[in-house]
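Student: The following block contains a protein sequence and its predicted model.
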Amino acid sequence: MPIKIPDSLPASRILENENIFVMTEYRALHQDIRPLQIAIVNLMPKKIETETQLLRLLGNTPLQVDVELIQMKSHVSKNTSSEHLFKFYKTFDDIKDMRFDGMVITGAPVEQMAFEEVEYWDELCQIMEWSKTNVFSTFHICWGAQAGLYYHYGIQKYPLKEKMFGIFQHRLCVENHPITRGFDEVFFVPHSRHTEVKRWDIENVPELEILSVSEKAGVYAASTYNGRQFFITGHSEYDRDTLANEYFRDLNKGLPISLPENYFPGNDPSQTPLYTWRSHANLLFYNWLNYYVYQTTPYDLEQLDPKSE
Ligand SMILES: CC(=O)SCCNC(=O)CCNC(=O)[C@H](O)C(C)(C)COP(=O)(O)OP(=O)(O)OC[C@H]1O[C@@H](n2cnc3c(N)ncnc32)[C@H](O)[C@@H]1OP(=O)(O)O
Ligand SMILES: N[C@@H](CCO)C(=O)O
């Protein structure tokens, strides 16, 4: 939340230079407050698990958040019951005339096929196109980030020789960026993917800025300069045991899988994994919701400007 201090207090200028959010008294008096409208396009197979993970993070602010869960009309989910989807989810047709302050597009286990082979690709493209006019800021995760970078900017994904699997160390590329406010100089995030986007492909797009990288896991976070789109290649939302579940799943199926890096104490899979990315995840979602949604979205969503990429 912003701090309200007299304009002339020395801390005001210092904190403003650090991008710490300082609100003038005038703005504080005139700020209208309403619940934020957030859509979650849930493409993950185990949708209840993902809903819980994302809602835990989106619920960790003093802001009121109204959430719409969105499923794909053009895909029948194998791993989440139709009862659950019928009860709690809407489709794009139901929401296309609405506007949202924020939207999350999740990962999906379809990264090893071409985008165009994904059953719901056309529908997702429709949603991503619509997001330019009907959503203030869109937060893309893992395959969702690859899909967004490809759809909006023509950026390709490439297969990795070995699955990027584990908890990797990251560093910031931009000093005092509001989305990374309060982050430690190095921080840890889970990655679990067979493909990657290349740093130079993103650097070649003038609208995009790289915010964080990992020596081992590559680009972690990028955004448009105006903050209307964020692309996050890791899974900060994952629970303590999500990578363990993926590891044992593949092991039991006889699939080639290495131990997740930097995850089980002593690399012993019988040990409980150390949860080293939770504070990062909370801060990332908190900062997005506060700085790129709540403080900047129009009070009247009908006044939303189209995204200028
Ligand atoms: C790169 C990232 O974004 S990582 C994010 C993805 N991470 C995860 O999904 C982690 C958890 N997932 C899992 O543990 C596994 O995917 C499981 C256990 C849910 C299912 O694994 P499997 O038994 O190998 O495969 P299964 O055939 O059941 O599911 C594969 C998924 O891909 C979907 N899929 C397969 N082919 C296509 C296609 N052409 N178009 C769209 N979806 C497809 C399936 O429908 C299913 O997803 P759904 O449940 O949403 O319908
Ligand atoms: N995180 C995914 C990768 C596949 O897209 C899994 O392990 O299921």
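Tutor: That came in fine, so what should we check first? Ligands and ions are numbered 1, 2, ... in the order given.

Student: give me phi/psi at V65?
Tutor: phi -130, psi 120 (degrees, to the nearest 10).

Student: which ones are touching the closest residue to it other than its chain neighbours?
Tutor: In space, and not counting its chain neighbours, V65 is closest to L36: 4.9 Å by CB to CB, 6 or more residues apart in numbering. Using the backbone N, CA and C atoms, a C-beta is placed for each residue, glycine as well. By CB atoms under 8 Å, 6 or more residues apart in numbering, L36 lies in contact with L63, Q64, V65, D66, D101, G102, L289, V293, Y294, T297.

Student: out of these, which are buried?
Tutor: Burial by neighbour count, judged by 16 or more other CB atoms under 10 Å, picks out L63, V65, D101, G102, L289, V293, Y294, T297 from those.

Student: Distance check, the second one against ligand 2.
Tutor: Using CB to the nearest ligand atom, to the nearest Å, V65 is found at 26 Å from ligand 2.

Student: what do you get for the first one?
Tutor: Here the distance between L63 and ligand 2 works out to 29 Å (CB to the nearest ligand atom).

Student: For the closest residue to ligand 1 within the stretch 151-300 of the chain, name its beta-bridge partners.
Tutor: With CB to the nearest ligand atom, the shortest gap between the stretch 151-300 of the chain and ligand 1 falls at R193, namely 4.0 Å. Going by DSSP bridges, R193 is paired in beta bridges with M164.

Student: That one touches L243, doesn't it?
Tutor: No: because the distance of 11.6 Å does not satisfy CB atoms under 8 Å, R193 is recorded as not touching L243.

Student: Would you mind listing what in the chain touches ligand 1?
Tutor: Within reach of ligand 1 by CB under 6 Å from any ligand atom, the chain has these residues: 44-46, 75, 77-79, 107-111, 113, 117-120, 142-143, 192-193, 246, 249.

Student: Make a PyMOL selection of the buried ones in those.
Tutor: One line in PyMOL is enough to select the buried ones among these; burial here means 16+ other CB under 10 Å:
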select buried, resi 44+46+75+77+107+108+109+110+111+118+120+142+143+192+193+246
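
Student: neighbours around the nearest residue to P265 once chain neighbours are set aside, how many?
Tutor: Leaving aside its sequence neighbours, P265 sits nearest to Q271 (CB to CB, 6+ apart; 4.4 Å). Q271: 12 surrounding residues under other CB atoms under 10 Å.

Student: please begin residue numbering at 2 from this point
Tutor: Will do, 2 is the new start, and the previous item becomes Q272.

Student: if I look at Q272, how far off is N263?
Tutor: 13 Å (CB to CB, to the nearest Å).

Student: Report the secondary structure state of G183.
Tutor: Three-state assignment for G183 (DSSP: H, G, I helix; E, B strand; the rest coil): coil.

Student: Which pLDDT does the model give it?
Tutor: Looking at G183, its pLDDT is 94.

Student: in the lengthiest helix in the chain, what's buried?
Tutor: Ranked by residue count, the top helix of the chain under DSSP state H comes out as helix 122-135. For helix 122-135, a neighbour-count test (16+ other CB under 10 Å) marks W122, E124, L125, C126, I128, M129, W131, S132, N135 as buried.

Student: do stretch 254-266 as well
Tutor: Per 16+ other CB under 10 Å, stretch 254-266 contains these buried residues: I258, P261, E262, N263, Y264, F265.

Student: returning to what we had before: Provide a list of residues in contact with the residue of the stretch 152-301 of the chain closest to ligand 1.
Tutor: G108, E112, C143, W144, L161, K164, M165, T234.
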